[in-house]
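> here's my sequence, what's the structure:
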Amino acid sequence: MNRQVEIYIDELILTGFLSTDRHRIGEAVKSELTRLISEKGLQNQTESGGLISQIDAATIHIKDSKNARTTCIQIAQSIFGGLNK
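Residues are numbered from 1 along each chain as shown. Predicted coordinates for the structure are as follows:
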């Protein structure tokens, strides 16, 4: 059975990036997060249809800030990890 998941990210604080890149970064994070959820699914309360009002995706330290794709993957993995706590 396919379930629809809606995720709204109110605030994502990134330092060291140009403000003009925010939409591109946001779309890339969305794409990677969608891939992770599609491939691995969600655990815990999300499987039972529960609502999560807030998650702590923790502070992450970007390993290679010059590579935008790697950065977005790391951000999405952190959010995904917070969803599955």
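> for this structure, which helix is longest?
In terms of residue count, the longest helix belonging to the chain (DSSP state H) is helix 22-40.
> which parts of that helix are buried?
25, 28-29, 32-33, 36-37 (16 or more other CB atoms under 10 Å). From N, CA and C alone the C-beta is placed, and that goes for glycine too.
> what separates it from the chain centre, distance-wise?
Mean C-alpha position of helix 22-40 versus that of the full chain (CA atoms, centre = their mean, to the nearest Å) differs by 6 Å.
> just the angle between whichever helix or strand comes after that helix and helix 22-40, please?
Proceeding N to C from helix 22-40, the next assigned helix or strand is helix 68-83, under DSSP states H and E. Here the directions of helix 68-83 and helix 22-40 differ by 60 degrees (axes from the mean of the first three to the mean of the last three CA atoms, to 10 degrees).
> average pLDDT across the longest helix of the chain?
Per-residue pLDDT over helix 22-40 has a mean of 90.
> keeping just the C-alphas, turn it into PDB.
Taking C-alpha atoms only, helix 22-40 is exported to PDB below (Å, rounded to 0.1, in the frame of the first residue of the first chain):
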ATOM      1  CA  ARG A  22      18.700  28.700  -1.500                       C
ATOM      2  CA  HIS A  23      16.100  27.500  -4.000                       C
ATOM      3  CA  ARG A  24      18.600  25.300  -5.800                       C
ATOM      4  CA  ILE A  25      19.700  23.700  -2.500                       C
ATOM      5  CA  GLY A  26      16.100  23.400  -1.300                       C
ATOM      6  CA  GLU A  27      15.100  21.500  -4.500                       C
ATOM      7  CA  ALA A  28      18.100  19.200  -4.400                       C
ATOM      8  CA  VAL A  29      17.400  18.400  -0.700                       C
ATOM      9  CA  LYS A  30      13.800  17.700  -1.500                       C
ATOM     10  CA  SER A  31      14.800  15.400  -4.400                       C
ATOM     11  CA  GLU A  32      17.200  13.400  -2.200                       C
ATOM     12  CA  LEU A  33      14.800  13.200   0.700                       C
ATOM     13  CA  THR A  34      12.100  11.900  -1.600                       C
ATOM     14  CA  ARG A  35      14.500   9.300  -2.900                       C
ATOM     15  CA  LEU A  36      15.500   8.200   0.600                       C
ATOM     16  CA  ILE A  37      11.900   7.900   1.700                       C
ATOM     17  CA  SER A  38      10.800   6.100  -1.500                       C
ATOM     18  CA  GLU A  39      13.700   3.500  -1.200                       C
ATOM     19  CA  LYS A  40      13.900   3.000   2.600                       C
END
